[in-house]
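**Student:** Predicted model follows, preceded by the sequence.
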Amino acid sequence: MTVLGILATYLILINLSSFAMMGIDKRKAEKKLWRIPESSLFIIAIIGGSIGSIIGMRVFHHKTRHWYFVYGMPLILLLQILLIIAIIKSPLQISIM
């Protein structure tokens, strides 16, 4: 498997996980059960699951009243996009074997 294949697999899995976490937390909130900590929801977004988190927020109507989620998740995604652009445009060449 190539590096891009591994990266694509990782991003798919992390975004599916973040989407699922939003749905699970919403269901637990409705049933007044133990909840997933907000810090965990942000951490999974930071490590690559921001798209899944944003989609999960919209689909499940979860955390949409909290300004730090409404603005924080898109900000994380924007920073990730800017990081990717900076890496692509970087004059440094990174070779992996």
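**Tutor:** Perfect, thanks for sending it.
**Student:** Per-residue pLDDT of the residue nearest to residue 61 when sequence neighbours are not counted, please?
**Tutor:** Spatial nearest neighbour of residue 61, excluding adjacent residues (Cβ to Cβ, 6 or more residues apart in numbering): residue 26 at 7.5 Å. All C-beta atoms are positioned from the backbone trio N, CA, C, and that covers glycine. Listed pLDDT for residue 26 reads 96.
**Student:** And for residue 96?
**Tutor:** 61.
**Student:** Return the residues in contact with residue 42.
**Tutor:** 72, 76 (Cβ atoms under 8 Å, 6 or more residues apart in numbering).
**Student:** From the chain's centre, how far out is the strand or helix carrying it? Work that out for me.
**Tutor:** Element membership of residue 42 [criterion: DSSP states H and E] is helix 38-44. Offset of helix 38-44 from its chain centre (Cα atoms, centre = their mean, to the nearest Å): 9 Å.
**Student:** mind listing what's buried in it?
**Tutor:** For helix 38-44, a neighbour-count test (16 or more other Cβ atoms under 10 Å) marks 41, 42, 44 as buried.
**Student:** shouldn't the residue nearest to residue 61 be in contact with residue 60?
**Tutor:** Yes: the pair residue 26 / residue 60 is scored as a contact, 4.3 Å apart, by Cβ atoms under 8 Å.
**Student:** So the closest residue to residue 24 other than its chain neighbours versus residue 87, what's the distance?
**Tutor:** Among residues not flanking residue 24 along the chain, residue 36 sits closest, at 6.6 Å (Cβ to Cβ, 6+ apart). To residue 87, residue 36 is 30 Å away according to Cβ to Cβ, to the nearest Å.
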